[in-house]
Every structure is written in structure tokens, then in C-alpha cells.
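Engineer: Here is a sequence together with a model predicted from it:
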Amino acid sequence: MDAMLIYKLILCVLVFVVSLAMAAYMTWGERKLAAILQDRVGPDRAGPLGLLQPVADGVKMFMKEEMLPGKSNRFLFILGPCLFMVTACMTGAVIPWGSGITINGVLYPMQITDINIGLLYLLGVVSIGVYGIMIGGWASNNKYSLLGALRASSQMISYEVAMGLSLIALVMMTGTLSLGEISRQQDAGLANVVYQPLGFLIFIICAFAETNRAPFDLPECESELVGGYHTEYSSMKLGLFLFAEYINMFISSAVMASLYWGGYNFPFQHELGLEGNTLAILQTVALFAKIVIFIFIFMWVRWTLPRFRYDQLMHLGWRVLLPLSLANIFITGIVMYLMGKLN
Amino acid sequence: MLSEYAFWFLSFVAVFSAAGMIFSKNPVYSVLSLIITFFAVAGHYFLLGAQFLAAVHIIVYAGAIMVLFLYVIMMLNLNKLEEEKRSLWSKSLSVAAGGILMLVLLAAVQRTDELNSIAAGEFNAAMGQTKNLGNVLYREFLLPFELASVLFLGAMVGAVYLSKKELA
């Protein structure tokens, strides 16, 4: 039991470090991809192919002068980015990063905790995430920051509804709220996206809105709000806001891969004739390949689509995605009834 | 033993943050204290094995309702709380109303032993799990559950109607 506890602690640290490393190199990837799409070179000064750019950025963030706006609430101003970062790192706890490694006959699952309310935990942490932006934006004592914070909160609440409802159809089908169980079910059958294409489409749109990514990046819309909720932030506090956005992107890519695209499973994995641990490592590699594809889609969309107008954003959330997700639940229910899957 | 420590810790946090919510002058601090209280209460649910209730408590109260509270406070910019001038008459009335509510609550707390509480041996810790809860809600208590949701729908329609001024 103690070995398991130590293993879990190591896994916690590992997930944390990997999230940070992924986020750091996503900033590099984003700049390179933007450069390619805009026919530029992108960062190429720090290291080969500009690969040391994230390190240079990090050093720059820490070395910059720290500014606190006058008449702002000092405690809340610092609490905002901290809270945003903490909630971004919390979601990694329930994601199954692999099937598990067997050492001396003991199975060490590649998941920090497989609680049977994993999906609800996920939704809960996502819904808490907005406080970081709101508190930071309000405490800045700046009207642009405040507008950004208000936009962020209304946008995230609106899209959480459709996101939760699109997950309900998935839960109806799988019959469980545990992410580990959902991944195991997809080992036996097909990936869930085959049965829930509409649910996945709604989920990915909501994921874009929840992570404040283009085309839904209205909380930090620079043409209207200077920098949105982080206008007044400088130095590493700004860094935390920007960094947490990349961690959110990484985690939501992992969630989409686990829920809809088979998780750590890959096609024909049992026909390769590989034994336990090699297969487990390959499965983790497969999961990360899926995550990288989703991250690429996030960035691709950002540099391709123009930003929504605010009323269009609300229209899409409430009048298109919400009815669609309800219809999806209804159709899922009818099909399950006709197939005799309901008892 | 560990859960007992957790119980005392959570109770301590819940009571102190609830007091902080009432006594803090800044409304934003009040909201934040209330959120901490919700988290502590959710921790209590978790200790009792009601995982679903704990998660939903966080999602609904901390994640949605308090965001709206914070939203309204920020919109109205209640940064400096203006001391409302109230007459002695209204103050004494509110004290009386609060006192009556406290009497009712105290009476209820005092008589909890008389209620047919479940013996420790019969307590089913697995009851709070999502599956069991769903079975009970949708099989045994389907009608009250649906009636409650109709009530919510009515409240929502009312809110939409009130906010549409041109219709009224």
C-alpha cells in the first residue's frame, strides 16, 4: 500500500511537470504554426529552430518589473492568476494517461485517481476556473479588465450548459462517470465518437469557448478591450494567465481524446502480440499523439477563423448548441430504447 | 480516525468562512468566503459517502450561482458598501424575524433525536453513489422529482418574462 502511495505521489508530480512542459512547448508550437500559416519564419534565435524560446520567455517573464495598478485590491489582484493556474492544473488528476504498468505483479494504473464521479469532478473544476479571471479582472480596477472579466464569466457559464448536456448523452451510452471506465470500454468496442459525432462536435466547440481560445477569445479581445482581463498584469502574473490557458488547452485535448477518441487505446493494439508493459507505454504514446493532434486543431482554428461578435457568441451558445445538445440526448435515448439497451 | 480529523477541519473552515461572509465589509470577500463555505460543506458530503451530491454542490453553487453573484456585484460595483439608512422600526422588525427563524431552527435541532434516525448498522454508505441515487430518484420518487423540475421551469419562465419589459 505504501508503494502505491509513493507511486501516486510520483505520478502527481509527473503529470504536473508534463503539463507545464507541454504548455511551454505549446507556446513555441503556436508561434511556429502561426508563422507557417502567415508565411513567416517564426522564432529562430534561441537555440536550433527556436526550441529554447519558451525558456527565454520564462526568464523574461520572471525578470520583468512587477507592476501593481494603483487603487487595486492587492490581495485579490495576486489571487486571480494563482487561482486560474491552480484550477488549470487540477483537472489532470482524473485523466487516464495509460492503462497501467505492472511491476512485480502489481498493477500501477496511469491515472492519479479513478473516482467514480470523474466527469463531474471535471465539470466542477472547469466551473471554478472562471473565478481566477473574474477576480483578477475586477481587482485590476480598470474598465477594460472588468469588461473582459464579465465577458469571460458569462461566456463560460453559457457554454458550460451545452458542454454538460453533450456529456450527458455520452454518460447515458457508457453508463459511467468514471473516465478510466470510459477508456476501458473503448478498448472493447469502437471509439465513442462513432456513436456520438454530434456530442463530440458540441463538446469541441464548447472546449474552445471554455479555454477562451479564438474564435471565442472575446474576454481578451485586443481590438476592443486592449488586453481584456489581463490588461493590467505584467511580469509572471501575466505569464500565469497565459500559461494556464495553454494548460487548459492541453487538458481539454486530453479529455476529448479520452472521452471520444478511444483514450489511450489505438487500433489493432491487441494484434501486435506485445506484452503488458510495452503495450502500456505504446498506449501512452498513442494518447499523446491524439492530444497533439487536438492541440494542432486548436492552433489551426485560431489562425484561420476570425473572432465572433459577442451577440453571435451568445446566439451560438444558447440558440444553436443548447437545442442541439438536447436533441442529441433525445436521439441517444430513442436509439438506446430501440436497440433494447435500456432496462 | 483520519476522517474524524477531516470532519473537524472541514467544520472549522465552514464555520469560520461563514462568519467571514457575514462580517466582511467588502462584498467580494463575502462571496469568496461563501464559496469556501460551499467547498467545506461539499467536503462533508464527501465524508458521508455522498460523492454525487458533493460534486453537484460544487458545480451548481460554487460554479454557477456564486459566479452570478460575483457578476452582479462587479456590475453594480459595490466596492464601497454604502451604509443604508434604516429606521429603528425596520431594524427591530428584522431582528424579530431573524430571532423567530432561529427559534424554529433551534427547536428542529433539539428534536432531531426524536426523528426516526437510521441506526448506525443500517446506514448504507453506498447510497450516495450516483447509480444508487439515480435509481432511487427515478424509480421511487419519480413524480416528486419531476414536479420539482416543473417548479424550476416555472421560475425560469417567470424570470424571462420579467426581464422582457416590452412584453409586459
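Structural biologist: Everything's here; your move.

Engineer: burial count for B:Phe152?
Structural biologist: By other CB atoms under 10 Å in any protein chain shown, the residues close to B:Phe152 number 9. C-beta here means a position set from N, CA and C on the backbone, and glycine is covered the same way.

Engineer: mind checking which helix or strand it is in?
Structural biologist: helix B:142-163 (DSSP states H and E).

Engineer: do A:Leu107 as well
Structural biologist: A:Leu107 belongs to strand A:106-108, assigned by DSSP H and E.

Engineer: So which residues of the stretch 201-343 of chain A form strands?
Structural biologist: Applying DSSP state E, counting those that start in this stretch to the stretch 201-343 of chain A gives no strands.

Engineer: how about low-confidence regions in it?
Structural biologist: A:342-343 (pLDDT under 70).

Engineer: Grab the nearest non-local neighbour of the residue of the stretch 51-200 of chain A found nearest chain B.
Structural biologist: Closest to chain B within the stretch 51-200 of chain A is A:Ser127: 2.6 Å, counting by CB to the nearest CB. Excluding its sequence neighbours, the residue lying closest to A:Ser127 (CB to CB, 6 or more residues apart in numbering or on different chains) is B:Gly63, at 2.6 Å.

Engineer: which ones are touching the one you found?
Structural biologist: A:Leu123, A:Gly124, A:Val126, A:Ser127, A:Ile128, A:Val130, A:Glu160 (CB atoms under 8 Å, 6 or more residues apart in numbering or on different chains).

Engineer: which phi and psi does A:Gly175 have?
Structural biologist: As for A:Gly175, its main-chain torsions (degrees, to the nearest 10) stand at phi 70, psi 20.

Engineer: does A:Ala209 really touch A:Leu218, like I thought?
Structural biologist: No: between A:Ala209 and A:Leu218 there is no contact, the gap being 9.3 Å when judged by CB atoms under 8 Å.

Engineer: count of neighbours near B:Leu48?
Structural biologist: Applying other CB under 10 Å, we find 16 other residues in the vicinity of B:Leu48.

Engineer: where does the residue in chain B that chain A sits nearest to fall, phi/psi-wise?
Structural biologist: Using CB to the nearest CB, B:Gly63 is the residue of chain B that sits closest to chain A, at 2.6 Å. Backbone geometry at B:Gly63, expressed as degrees, to the nearest 10, gives phi -90, psi -30.

Engineer: What's the separation between it and A:Ser99?
Structural biologist: 31 Å (CB to CB, to the nearest Å).

Engineer: what do you get for A:Leu11?
Structural biologist: A:Leu11 sits 14 Å away from A:Ser99, going by CB to CB.

Engineer: Who has more neighbours out of those two?
Structural biologist: It is A:Ser99, of A:Leu11 and A:Ser99, that has more neighbours when counted by other CB under 10 Å, with 26 against 19.

Engineer: Thought A:Thr278 was touching the more buried one, still the case?
Structural biologist: No: counting by CB under 8 Å, A:Ser99 does not reach A:Thr278; the two are 11.6 Å apart.

Engineer: The stretch 1-150 of chain A: helices as residue ranges?
Structural biologist: Taking DSSP state H, counting those that start in this stretch as the test, the helices found in the stretch 1-150 of chain A are A:2-37, A:53-63, A:74-90, A:118-139, A:143-174.

Engineer: So for the second one, what gets flagged as buried?
Structural biologist: Put plainly, it is helix A:53-63. Buried residues in helix A:53-63, counted by 16 or more other CB atoms under 10 Å in any protein chain shown: A:Gln53, A:Pro54, A:Asp57, A:Gly58, A:Met61.

Engineer: Need the residues you listed in CSV (columns: distance to chain B and pLDDT).
Structural biologist: Rendered in CSV, the data for the buried residues of helix A:53-63 read as follows (distance: CB to the nearest CB, whole Å; pLDDT from 0 to 100):
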residue, distance to chain B, pLDDT
A:Gln53, 36, 85
A:Pro54, 32, 85
A:Asp57, 31, 85
A:Gly58, 30, 85
A:Met61, 27, 85
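
Engineer: Give me the pLDDT for the nearest residue to A:Val106 once chain neighbours are set aside.
Structural biologist: Closest residue in space to A:Val106, ignoring its immediate chain neighbours: A:Ala3 at 7.3 Å, by CB to CB, 6+ apart. On pLDDT, A:Ala3 comes in at 77.

Engineer: What of the one 10 residues further on?
Structural biologist: At A:Val13, the pLDDT value in this model is 90.

Engineer: Pull the number of nearby residues for it.
Structural biologist: Residues near A:Val13, counting by other CB under 10 Å: 10.

Engineer: And stretch A:37-53, how far out from the chain middle?
Structural biologist: 25 Å (CA atoms, centre = their mean, to the nearest Å).

Engineer: can you list the residues of chain B near chain A?
Structural biologist: By CB under 8 Å from any CB of the partner chain, the residues of chain B that approach chain A are B:26, B:28, B:32, B:35, B:51-52, B:54-56, B:58-59, B:62-64, B:67-68, B:70-71, B:74-75, B:129-130.

Engineer: try 7 Å this time
Structural biologist: B:28, B:51-52, B:55-56, B:58-59, B:62-64, B:67, B:70-71, B:74-75, B:129-130 (CB under 7 Å from any CB of the partner chain).

Engineer: List buried residues within those.
Structural biologist: Here, 16+ other CB under 10 Å leaves B:28, B:51-52, B:55-56, B:58-59, B:62-64, B:67, B:70-71, B:74, B:129-130 buried among these.

Engineer: Among those residues, give me the pair with the biggest separation.
Structural biologist: Longest distance between any two of these is 37.8 Å, between B:Met74 and B:Gln129; criterion CB to CB.

Engineer: The closest residue to A:Gly227 other than its chain neighbours: how many residues sit nearby?
Structural biologist: The shortest distance from A:Gly227 to any non-neighbouring residue, by CB to CB, 6+ apart, is to A:Glu220 (5.9 Å). By other CB under 10 Å, the residues close to A:Glu220 number 24.
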